[in-house]
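Peer 1: Give me the fold of what follows.
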Amino acid sequence: MSTQTALPLLSGPELGERLRALAGADAVRPAAIGDAIGGVSAQWVVEPHSDRDAASLLRFATDAGLSVIPRGGGSKLSWGNPPQRADMLLCTLGLHRIVEHTWADMTVTVEAGCTIAELQRALAKHRQRLAVDPLWPERATVGGILSTNDTGALRLSYGGLRDLVIGMTLVLPDGTIAKSGGKVVKNVAGYDLPKLATGALGTLGVITQAIFRVHPLPAGTQTLQLQPAGLPSMQRTILDLLNSDLPCAQMQACLASGVAPALYLGLEGTEAGLAAQEKAIRERAQPMPLSFATPEVWRARQELWTPPEEGVYAAVAKLSVLPSKLMEVAAALDRLAQARRAQWRAVLQATGIGWMRVEAAEPASAVELFREMRTAIESGGGSLTIAPLPPRSAAAELVNGGATSLSAENVIDFWGGAGDALPLMAAVKRQFDPQRTLNPGRFVGGI
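Peer 2: Now for the predicted structure:
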(Lines give C-alpha, C1' and ligand atoms only; values in the text may rest on other atoms or scores of the structure.)
Protein backbone atom coordinates (compact mmCIF):
# COMPACT_ATOMS: atom_id res chain seq x y z
CA MET A 1 0.00 0.00 0.00
CA SER A 2 1.00 3.66 -0.11
CA THR A 3 4.19 4.55 1.76
CA GLN A 4 3.79 8.31 1.53
CA THR A 5 3.79 10.34 4.71
CA ALA A 6 0.27 10.78 6.00
CA LEU A 7 -1.20 14.18 5.20
CA PRO A 8 -2.83 16.33 7.87
CA LEU A 9 -6.58 15.77 8.17
CA LEU A 10 -8.37 18.14 5.84
CA SER A 11 -11.94 19.38 5.80
CA GLY A 12 -14.14 22.12 4.43
CA PRO A 13 -12.85 24.53 1.74
CA GLU A 14 -9.26 23.34 2.04
CA LEU A 15 -10.26 19.78 1.21
CA GLY A 16 -12.34 21.04 -1.70
CA GLU A 17 -9.36 22.88 -3.16
CA ARG A 18 -7.16 19.79 -2.95
CA LEU A 19 -9.81 17.69 -4.68
CA ARG A 20 -10.22 20.26 -7.47
CA ALA A 21 -6.46 20.24 -8.02
CA LEU A 22 -6.57 16.47 -8.49
CA ALA A 23 -9.75 16.03 -10.55
CA GLY A 24 -10.48 19.45 -12.05
CA ALA A 25 -12.83 22.20 -10.92
CA ASP A 26 -15.77 20.85 -12.94
CA ALA A 27 -15.48 17.42 -11.28
CA VAL A 28 -15.93 18.57 -7.68
CA ARG A 29 -18.92 20.03 -5.84
CA PRO A 30 -20.03 20.32 -2.21
CA ALA A 31 -22.30 17.48 -1.10
CA ALA A 32 -25.99 18.30 -0.77
CA ILE A 33 -28.66 16.89 1.53
CA GLY A 34 -29.61 14.33 -1.11
CA ASP A 35 -26.07 12.95 -1.08
CA ALA A 36 -26.38 11.59 2.46
CA ILE A 37 -25.96 7.82 2.87
CA GLY A 38 -28.09 6.22 5.56
CA GLY A 39 -28.36 9.54 7.36
CA VAL A 40 -24.59 10.16 7.22
CA SER A 41 -23.69 13.41 5.44
CA ALA A 42 -20.75 13.64 3.06
CA GLN A 43 -18.55 16.69 2.51
CA TRP A 44 -17.73 16.56 -1.19
CA VAL A 45 -18.86 14.79 -4.36
CA VAL A 46 -16.15 14.07 -6.94
CA GLU A 47 -16.76 12.70 -10.45
CA PRO A 48 -13.52 11.52 -12.06
CA HIS A 49 -13.40 11.03 -15.82
CA SER A 50 -10.54 8.52 -16.01
CA ASP A 51 -8.94 5.65 -14.14
CA ARG A 52 -5.96 7.85 -13.40
CA ASP A 53 -8.09 10.58 -11.83
CA ALA A 54 -9.86 7.98 -9.68
CA ALA A 55 -6.47 6.53 -8.67
CA SER A 56 -5.11 9.95 -7.69
CA LEU A 57 -8.20 10.70 -5.62
CA LEU A 58 -8.06 7.38 -3.78
CA ARG A 59 -4.35 7.67 -3.09
CA PHE A 60 -4.88 11.18 -1.73
CA ALA A 61 -7.85 10.09 0.41
CA THR A 62 -5.92 7.16 1.91
CA ASP A 63 -2.88 9.30 2.71
CA ALA A 64 -5.11 12.00 4.21
CA GLY A 65 -7.16 9.56 6.31
CA LEU A 66 -10.39 10.34 4.46
CA SER A 67 -13.26 7.97 3.81
CA VAL A 68 -14.57 7.40 0.29
CA ILE A 69 -18.04 6.17 -0.67
CA PRO A 70 -18.26 4.94 -4.30
CA ARG A 71 -21.55 5.77 -6.03
CA GLY A 72 -22.99 5.08 -9.45
CA GLY A 73 -26.61 5.88 -10.25
CA GLY A 74 -27.51 5.76 -6.56
CA SER A 75 -30.37 3.30 -7.07
CA LYS A 76 -29.04 0.96 -4.35
CA LEU A 77 -27.09 3.41 -2.20
CA SER A 78 -29.35 2.58 0.75
CA TRP A 79 -28.23 -1.06 0.68
CA GLY A 80 -25.75 -1.95 3.38
CA ASN A 81 -25.06 -0.43 6.77
CA PRO A 82 -24.74 3.36 6.99
CA PRO A 83 -21.06 4.30 6.70
CA GLN A 84 -19.12 5.13 9.84
CA ARG A 85 -18.06 8.34 8.09
CA ALA A 86 -18.34 9.82 4.61
CA ASP A 87 -15.82 12.47 3.65
CA MET A 88 -16.06 12.05 -0.11
CA LEU A 89 -18.53 10.49 -2.56
CA LEU A 90 -16.69 9.19 -5.60
CA CYS A 91 -19.27 9.23 -8.39
CA THR A 92 -18.56 6.98 -11.38
CA LEU A 93 -21.09 8.56 -13.76
CA GLY A 94 -18.25 10.37 -15.50
CA LEU A 95 -16.91 6.95 -16.53
CA HIS A 96 -19.73 5.98 -18.88
CA ARG A 97 -18.13 4.94 -22.18
CA ILE A 98 -18.68 1.66 -23.97
CA VAL A 99 -15.00 1.13 -24.69
CA GLU A 100 -15.21 -1.78 -27.11
CA HIS A 101 -17.94 -4.10 -28.31
CA THR A 102 -16.26 -7.04 -30.00
CA TRP A 103 -19.51 -8.40 -31.33
CA ALA A 104 -17.92 -11.25 -33.30
CA ASP A 105 -16.27 -12.56 -30.11
CA MET A 106 -19.41 -11.74 -28.09
CA THR A 107 -17.66 -9.57 -25.49
CA VAL A 108 -18.07 -5.96 -24.44
CA THR A 109 -15.77 -3.66 -22.47
CA VAL A 110 -17.65 -0.92 -20.65
CA GLU A 111 -16.91 1.69 -18.02
CA ALA A 112 -18.54 1.41 -14.61
CA GLY A 113 -20.73 4.50 -14.87
CA CYS A 114 -22.62 3.33 -17.96
CA THR A 115 -26.23 2.49 -17.14
CA ILE A 116 -27.52 -0.98 -17.92
CA ALA A 117 -30.25 0.40 -20.17
CA GLU A 118 -27.70 2.38 -22.19
CA LEU A 119 -25.47 -0.68 -22.51
CA GLN A 120 -28.36 -2.88 -23.63
CA ARG A 121 -29.40 -0.36 -26.30
CA ALA A 122 -25.87 -0.33 -27.71
CA LEU A 123 -25.61 -4.13 -27.72
CA ALA A 124 -29.03 -4.47 -29.34
CA LYS A 125 -27.71 -2.78 -32.49
CA HIS A 126 -25.86 -6.05 -33.13
CA ARG A 127 -28.73 -8.24 -31.84
CA GLN A 128 -26.90 -8.96 -28.60
CA ARG A 129 -27.48 -8.31 -24.89
CA LEU A 130 -25.96 -8.61 -21.47
CA ALA A 131 -28.12 -11.39 -20.02
CA VAL A 132 -29.01 -9.69 -16.75
CA ASP A 133 -32.23 -8.02 -15.60
CA PRO A 134 -31.34 -5.91 -12.54
CA LEU A 135 -33.53 -3.47 -10.67
CA TRP A 136 -34.05 0.00 -12.19
CA PRO A 137 -31.92 -0.52 -15.33
CA GLU A 138 -32.34 3.10 -16.46
CA ARG A 139 -30.48 4.23 -13.33
CA ALA A 140 -28.46 1.20 -12.31
CA THR A 141 -24.86 1.29 -13.54
CA VAL A 142 -22.44 -1.45 -14.47
CA GLY A 143 -20.35 -0.80 -11.36
CA GLY A 144 -23.45 -0.65 -9.18
CA ILE A 145 -24.91 -4.00 -10.21
CA LEU A 146 -21.50 -5.64 -9.87
CA SER A 147 -20.91 -4.16 -6.41
CA THR A 148 -24.34 -5.28 -5.17
CA ASN A 149 -24.44 -8.48 -7.27
CA ASP A 150 -27.93 -7.61 -8.44
CA THR A 151 -29.42 -9.96 -11.02
CA GLY A 152 -32.98 -11.00 -11.78
CA ALA A 153 -34.87 -13.99 -13.10
CA LEU A 154 -32.58 -14.45 -16.14
CA ARG A 155 -30.03 -15.87 -13.72
CA LEU A 156 -31.86 -19.20 -14.06
CA SER A 157 -30.57 -19.81 -17.59
CA TYR A 158 -27.57 -17.48 -17.96
CA GLY A 159 -25.99 -17.55 -14.51
CA GLY A 160 -25.11 -14.70 -12.20
CA LEU A 161 -22.80 -11.75 -12.71
CA ARG A 162 -19.78 -13.77 -11.59
CA ASP A 163 -20.48 -16.05 -14.55
CA LEU A 164 -20.82 -13.18 -17.03
CA VAL A 165 -17.96 -10.87 -16.04
CA ILE A 166 -14.63 -11.99 -17.53
CA GLY A 167 -12.45 -9.00 -16.79
CA MET A 168 -12.35 -5.98 -14.52
CA THR A 169 -10.38 -2.84 -13.73
CA LEU A 170 -10.38 -2.01 -10.04
CA VAL A 171 -8.75 1.07 -8.51
CA LEU A 172 -7.41 0.17 -5.07
CA PRO A 173 -7.28 2.55 -2.08
CA ASP A 174 -3.52 3.12 -2.50
CA GLY A 175 -4.05 4.29 -6.09
CA THR A 176 -3.06 1.05 -7.77
CA ILE A 177 -4.99 0.37 -10.99
CA ALA A 178 -5.46 -3.41 -10.90
CA LYS A 179 -6.65 -5.34 -13.94
CA SER A 180 -7.70 -8.97 -14.09
CA GLY A 181 -9.18 -11.21 -16.77
CA GLY A 182 -9.29 -10.42 -20.45
CA LYS A 183 -11.38 -10.04 -23.58
CA VAL A 184 -11.85 -13.72 -24.40
CA VAL A 185 -14.63 -15.80 -22.92
CA LYS A 186 -12.32 -18.65 -21.83
CA ASN A 187 -9.70 -16.41 -20.18
CA VAL A 188 -8.63 -17.99 -16.88
CA ALA A 189 -5.24 -16.37 -16.34
CA GLY A 190 -4.40 -14.48 -13.17
CA TYR A 191 -6.15 -13.87 -9.89
CA ASP A 192 -9.93 -13.83 -10.23
CA LEU A 193 -10.42 -10.24 -9.15
CA PRO A 194 -13.82 -9.88 -10.90
CA LYS A 195 -15.42 -12.60 -8.80
CA LEU A 196 -13.93 -11.19 -5.60
CA ALA A 197 -15.12 -7.62 -6.25
CA THR A 198 -18.60 -8.69 -7.39
CA GLY A 199 -20.91 -8.34 -4.40
CA ALA A 200 -18.26 -6.67 -2.21
CA LEU A 201 -20.25 -3.40 -2.07
CA GLY A 202 -17.24 -1.35 -3.13
CA THR A 203 -15.30 -2.15 0.05
CA LEU A 204 -12.18 -3.51 -1.71
CA GLY A 205 -11.73 -1.08 -4.58
CA VAL A 206 -13.62 1.13 -7.01
CA ILE A 207 -14.72 -0.68 -10.17
CA THR A 208 -13.97 1.55 -13.15
CA GLN A 209 -14.31 -0.89 -16.06
CA ALA A 210 -15.67 -4.39 -16.73
CA ILE A 211 -15.55 -6.89 -19.56
CA PHE A 212 -18.59 -9.13 -20.05
CA ARG A 213 -19.52 -12.06 -22.22
CA VAL A 214 -22.72 -11.23 -24.07
CA HIS A 215 -25.45 -13.37 -25.63
CA PRO A 216 -27.63 -13.12 -28.73
CA LEU A 217 -31.00 -11.48 -28.37
CA PRO A 218 -33.69 -14.17 -28.56
CA ALA A 219 -35.70 -14.37 -31.76
CA GLY A 220 -38.86 -14.15 -29.68
CA THR A 221 -40.11 -14.31 -26.11
CA GLN A 222 -43.26 -15.44 -24.37
CA THR A 223 -44.49 -15.29 -20.78
CA LEU A 224 -46.81 -17.96 -19.38
CA GLN A 225 -48.73 -17.86 -16.11
CA LEU A 226 -49.56 -20.98 -14.10
CA GLN A 227 -52.02 -21.00 -11.20
CA PRO A 228 -51.03 -23.69 -8.66
CA ALA A 229 -53.71 -24.59 -6.12
CA GLY A 230 -51.54 -23.57 -3.15
CA LEU A 231 -48.01 -23.31 -1.85
CA PRO A 232 -47.30 -27.10 -1.79
CA SER A 233 -48.49 -27.35 -5.40
CA MET A 234 -46.35 -24.33 -6.30
CA GLN A 235 -43.26 -25.95 -4.81
CA ARG A 236 -43.85 -29.25 -6.62
CA THR A 237 -44.36 -27.43 -9.90
CA ILE A 238 -41.16 -25.41 -9.57
CA LEU A 239 -39.07 -28.48 -8.80
CA ASP A 240 -40.75 -30.48 -11.53
CA LEU A 241 -39.95 -27.82 -14.13
CA LEU A 242 -36.39 -27.40 -12.85
CA ASN A 243 -35.81 -31.14 -13.14
CA SER A 244 -37.34 -31.36 -16.62
CA ASP A 245 -35.69 -30.72 -19.96
CA LEU A 246 -37.91 -27.69 -20.63
CA PRO A 247 -35.62 -24.70 -21.31
CA CYS A 248 -37.32 -21.95 -19.26
CA ALA A 249 -35.23 -18.77 -19.40
CA GLN A 250 -37.00 -17.28 -16.38
CA MET A 251 -39.18 -18.61 -13.59
CA GLN A 252 -40.59 -16.69 -10.66
CA ALA A 253 -43.45 -16.98 -8.19
CA CYS A 254 -45.47 -13.93 -7.14
CA LEU A 255 -47.29 -14.23 -3.82
CA ALA A 256 -49.12 -11.89 -1.45
CA SER A 257 -51.40 -11.83 1.57
CA GLY A 258 -54.81 -13.28 0.68
CA VAL A 259 -53.99 -13.59 -3.04
CA ALA A 260 -53.82 -16.78 -5.10
CA PRO A 261 -50.19 -17.61 -5.95
CA ALA A 262 -48.99 -17.31 -9.54
CA LEU A 263 -45.98 -18.85 -11.24
CA TYR A 264 -44.54 -17.13 -14.30
CA LEU A 265 -42.39 -18.80 -16.93
CA GLY A 266 -40.30 -16.85 -19.44
CA LEU A 267 -39.63 -18.64 -22.73
CA GLU A 268 -37.20 -17.70 -25.48
CA GLY A 269 -36.78 -18.99 -29.04
CA THR A 270 -38.10 -18.94 -32.56
CA GLU A 271 -41.82 -18.89 -33.26
CA ALA A 272 -41.84 -22.65 -33.76
CA GLY A 273 -39.68 -23.18 -30.69
CA LEU A 274 -41.96 -21.09 -28.48
CA ALA A 275 -45.01 -22.99 -29.70
CA ALA A 276 -43.33 -26.33 -28.92
CA GLN A 277 -42.28 -25.16 -25.44
CA GLU A 278 -45.77 -23.87 -24.69
CA LYS A 279 -47.33 -27.17 -25.77
CA ALA A 280 -44.92 -29.18 -23.61
CA ILE A 281 -45.62 -27.02 -20.57
CA ARG A 282 -49.38 -27.24 -21.05
CA GLU A 283 -49.17 -31.02 -21.17
CA ARG A 284 -46.92 -31.18 -18.13
CA ALA A 285 -48.96 -28.71 -16.06
CA GLN A 286 -52.41 -30.28 -16.60
CA PRO A 287 -54.91 -29.75 -15.07
CA MET A 288 -53.37 -26.53 -13.69
CA PRO A 289 -54.76 -23.37 -15.35
CA LEU A 290 -52.31 -21.79 -17.81
CA SER A 291 -52.58 -18.43 -19.58
CA PHE A 292 -50.43 -15.81 -21.29
CA ALA A 293 -49.01 -12.84 -19.37
CA THR A 294 -47.31 -9.60 -20.34
CA PRO A 295 -43.53 -9.05 -19.91
CA GLU A 296 -44.27 -6.48 -17.18
CA VAL A 297 -44.52 -9.34 -14.67
CA TRP A 298 -40.70 -9.50 -14.69
CA ARG A 299 -40.71 -6.02 -13.12
CA ALA A 300 -42.56 -7.31 -10.06
CA ARG A 301 -39.44 -6.93 -7.90
CA GLN A 302 -39.35 -3.20 -8.54
CA GLU A 303 -42.94 -2.80 -7.39
CA LEU A 304 -41.94 -4.02 -3.93
CA TRP A 305 -40.24 -0.65 -3.37
CA THR A 306 -43.41 1.43 -3.84
CA PRO A 307 -43.62 3.96 -0.96
CA PRO A 308 -46.14 2.86 1.67
CA GLU A 309 -49.22 4.78 2.72
CA GLU A 310 -48.99 7.36 5.48
CA GLY A 311 -48.53 5.77 8.88
CA VAL A 312 -47.43 2.39 7.50
CA TYR A 313 -43.96 0.97 8.17
CA ALA A 314 -42.57 -1.06 5.30
CA ALA A 315 -39.30 -2.67 4.28
CA VAL A 316 -38.04 -5.14 1.70
CA ALA A 317 -35.72 -8.07 2.37
CA LYS A 318 -33.68 -10.24 0.03
CA LEU A 319 -33.48 -13.92 0.83
CA SER A 320 -31.40 -16.79 -0.47
CA VAL A 321 -32.40 -20.40 0.21
CA LEU A 322 -32.40 -23.76 -1.52
CA PRO A 323 -34.97 -23.83 -4.35
CA SER A 324 -36.69 -26.69 -2.53
CA LYS A 325 -37.40 -24.40 0.45
CA LEU A 326 -38.96 -21.43 -1.35
CA MET A 327 -42.56 -22.19 -0.44
CA GLU A 328 -41.57 -23.19 3.07
CA VAL A 329 -40.27 -19.65 3.46
CA ALA A 330 -43.48 -18.24 1.96
CA ALA A 331 -45.61 -20.27 4.38
CA ALA A 332 -43.57 -19.07 7.36
CA LEU A 333 -43.87 -15.47 6.17
CA ASP A 334 -47.65 -15.78 5.85
CA ARG A 335 -47.97 -17.36 9.30
CA LEU A 336 -45.84 -14.71 11.02
CA ALA A 337 -47.54 -11.86 9.18
CA GLN A 338 -50.99 -13.05 10.22
CA ALA A 339 -49.88 -13.24 13.85
CA ARG A 340 -48.77 -9.57 13.68
CA ARG A 341 -51.58 -8.31 11.45
CA ALA A 342 -49.04 -7.38 8.80
CA GLN A 343 -49.37 -7.46 5.04
CA TRP A 344 -46.77 -9.08 2.83
CA ARG A 345 -45.76 -9.65 -0.78
CA ALA A 346 -43.01 -11.82 -2.20
CA VAL A 347 -41.29 -12.38 -5.54
CA LEU A 348 -39.40 -15.68 -5.42
CA GLN A 349 -37.16 -16.86 -8.24
CA ALA A 350 -36.60 -20.53 -9.03
CA THR A 351 -32.87 -20.10 -8.34
CA GLY A 352 -33.66 -19.80 -4.62
CA ILE A 353 -33.26 -16.03 -4.52
CA GLY A 354 -36.28 -14.01 -3.52
CA TRP A 355 -37.58 -10.69 -2.26
CA MET A 356 -40.29 -10.00 0.27
CA ARG A 357 -42.01 -6.84 1.45
CA VAL A 358 -43.69 -6.43 4.83
CA GLU A 359 -46.05 -3.62 5.84
CA ALA A 360 -47.17 -3.08 9.42
CA ALA A 361 -48.82 -0.34 11.47
CA GLU A 362 -46.09 -0.55 14.11
CA PRO A 363 -42.36 -0.78 13.39
CA ALA A 364 -41.88 -3.31 16.19
CA SER A 365 -44.15 -5.78 14.37
CA ALA A 366 -42.18 -5.55 11.12
CA VAL A 367 -38.82 -5.74 12.87
CA GLU A 368 -39.76 -8.78 14.95
CA LEU A 369 -41.16 -10.50 11.86
CA PHE A 370 -37.89 -9.98 9.98
CA ARG A 371 -35.88 -11.19 12.96
CA GLU A 372 -37.87 -14.41 13.17
CA MET A 373 -37.69 -14.93 9.41
CA ARG A 374 -33.92 -14.37 9.50
CA THR A 375 -33.51 -16.90 12.32
CA ALA A 376 -35.53 -19.51 10.43
CA ILE A 377 -33.76 -18.92 7.11
CA GLU A 378 -30.23 -18.84 8.57
CA SER A 379 -30.88 -22.05 10.52
CA GLY A 380 -31.45 -23.75 7.16
CA GLY A 381 -28.23 -22.40 5.68
CA GLY A 382 -29.81 -19.43 3.89
CA SER A 383 -29.52 -15.69 4.35
CA LEU A 384 -31.78 -12.66 4.73
CA THR A 385 -30.66 -9.09 4.16
CA ILE A 386 -32.74 -5.95 4.48
CA ALA A 387 -33.06 -3.69 1.42
CA PRO A 388 -34.88 -0.57 2.62
CA LEU A 389 -37.16 1.66 0.63
CA PRO A 390 -35.92 5.16 -0.30
CA PRO A 391 -35.16 7.35 2.74
CA ARG A 392 -38.29 9.46 2.27
CA SER A 393 -40.33 6.54 3.59
CA ALA A 394 -40.53 5.16 7.11
CA ALA A 395 -38.74 2.02 5.96
CA ALA A 396 -35.34 3.67 6.36
CA GLU A 397 -35.95 3.81 10.08
CA LEU A 398 -36.20 0.04 10.32
CA VAL A 399 -32.56 -0.50 9.37
CA ASN A 400 -29.72 0.07 11.80
CA GLY A 401 -28.52 3.65 11.76
CA GLY A 402 -31.03 4.74 9.15
CA ALA A 403 -32.64 7.20 11.56
CA THR A 404 -32.66 7.98 15.24
CA SER A 405 -36.40 8.32 15.82
CA LEU A 406 -36.89 4.66 16.76
CA SER A 407 -35.74 2.93 19.91
CA ALA A 408 -32.95 0.34 19.74
CA GLU A 409 -35.32 -2.62 19.92
CA ASN A 410 -37.05 -1.40 16.74
CA VAL A 411 -33.88 -1.41 14.65
CA ILE A 412 -32.62 -4.44 12.70
CA ASP A 413 -29.19 -5.16 11.28
CA PHE A 414 -28.97 -4.97 7.50
CA TRP A 415 -26.83 -8.06 6.86
CA GLY A 416 -27.50 -10.65 9.53
CA GLY A 417 -24.90 -13.22 10.51
CA ALA A 418 -21.86 -13.95 8.34
CA GLY A 419 -20.99 -17.21 10.11
CA ASP A 420 -17.53 -18.70 9.69
CA ALA A 421 -16.85 -16.53 6.64
CA LEU A 422 -16.46 -13.26 8.59
CA PRO A 423 -12.79 -13.71 9.66
CA LEU A 424 -11.80 -14.48 6.06
CA MET A 425 -13.77 -11.52 4.73
CA ALA A 426 -12.18 -9.22 7.30
CA ALA A 427 -8.72 -10.49 6.33
CA VAL A 428 -9.39 -9.76 2.65
CA LYS A 429 -10.57 -6.26 3.57
CA ARG A 430 -7.35 -5.66 5.54
CA GLN A 431 -5.28 -6.83 2.59
CA PHE A 432 -6.95 -4.53 0.09
CA ASP A 433 -7.87 -1.60 2.33
CA PRO A 434 -5.91 -1.62 5.61
CA GLN A 435 -6.83 1.97 6.43
CA ARG A 436 -10.57 1.39 5.83
CA THR A 437 -10.78 4.14 3.25
CA LEU A 438 -13.60 2.60 1.22
CA ASN A 439 -17.14 2.32 2.59
CA PRO A 440 -16.03 1.93 6.23
CA GLY A 441 -18.56 -0.12 8.22
CA ARG A 442 -21.01 -0.67 5.39
CA PHE A 443 -20.40 -4.37 4.74
CA VAL A 444 -21.05 -7.55 6.73
CA GLY A 445 -19.88 -7.39 10.34
CA GLY A 446 -19.08 -3.68 10.05
CA ILE A 447 -16.23 -4.30 7.58
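
Peer 1: Remind me what the longest helix along the chain packs against, helices and strands.
Peer 2: Ranked by residue count, the top helix of the chain under DSSP state H comes out as helix 363-379. For helix 363-379, the packing partners by 3 or more C-beta pairs under 8 Å, 6 or more residues apart in numbering; DSSP states H and E come out as strand 313-320, helix 326-339, strand 353-360, strand 383-387. For every residue, glycine as well, the C-beta is placed using N, CA and C.

Peer 1: what pairs with the first one, and is each one parallel or antiparallel?
Peer 2: Pointing back at strand 313-320 there. Partners of strand 313-320 in the sheet, by DSSP bridges, are strand 353-360 (antiparallel), strand 383-387 (antiparallel).

Peer 1: and that strand, which residues are buried?
Peer 2: For strand 313-320, the neighbour count (16 or more other C-beta atoms under 10 Å) marks Tyr313, Ala314, Ala315, Val316, Ala317, Lys318, Leu319 as buried.

Peer 1: The last one reaches Gln349, doesn't it?
Peer 2: The reference is to Leu319. No: between Leu319 and Gln349 there is no contact under C-beta atoms under 8 Å: 10.3 Å.

Peer 1: Nearest to Pro289, out of the helices and strands packed on helix 363-379?
Peer 2: Smallest distance to Pro289 across those (C-beta to C-beta): 18.3 Å, for helix 326-339.

Peer 1: quick one, domains of this protein?
Peer 2: Domains of the chain are assigned by automatic domain parsing as 12-93, 98-216, 221-297, 304-421.

Peer 1: Do me a favour and get the end-to-end distance for the third one?
Peer 2: Just to be clear, that refers to domain 221-297. 13 Å (C-alpha to C-alpha, to the nearest Å).

Peer 1: Out of the buried residues of strand 313-320, which comes closest to Gly202?
Peer 2: Closest to Gly202, out of all of the buried residues of strand 313-320 and judged by C-beta to C-beta, is Lys318, at 17.6 Å.

Peer 1: and that closest one, how far is that from Pro70?
Peer 2: According to C-beta to C-beta, to the nearest Å, Lys318 stands 20 Å off from Pro70.

Peer 1: what does Val46 give?
Peer 2: Going from Val46 to Pro70 by C-beta to C-beta gives 11 Å.

Peer 1: Need the overlap of contacts for the two.
Peer 2: Leu89, Leu90 (C-beta atoms under 8 Å, 6 or more residues apart in numbering).

Peer 1: wait, which of the domains of the chain is closest to Asn439?
Peer 2: Taking those one by one with C-beta to C-beta, domain 98-216 is closest: 4.7 Å.
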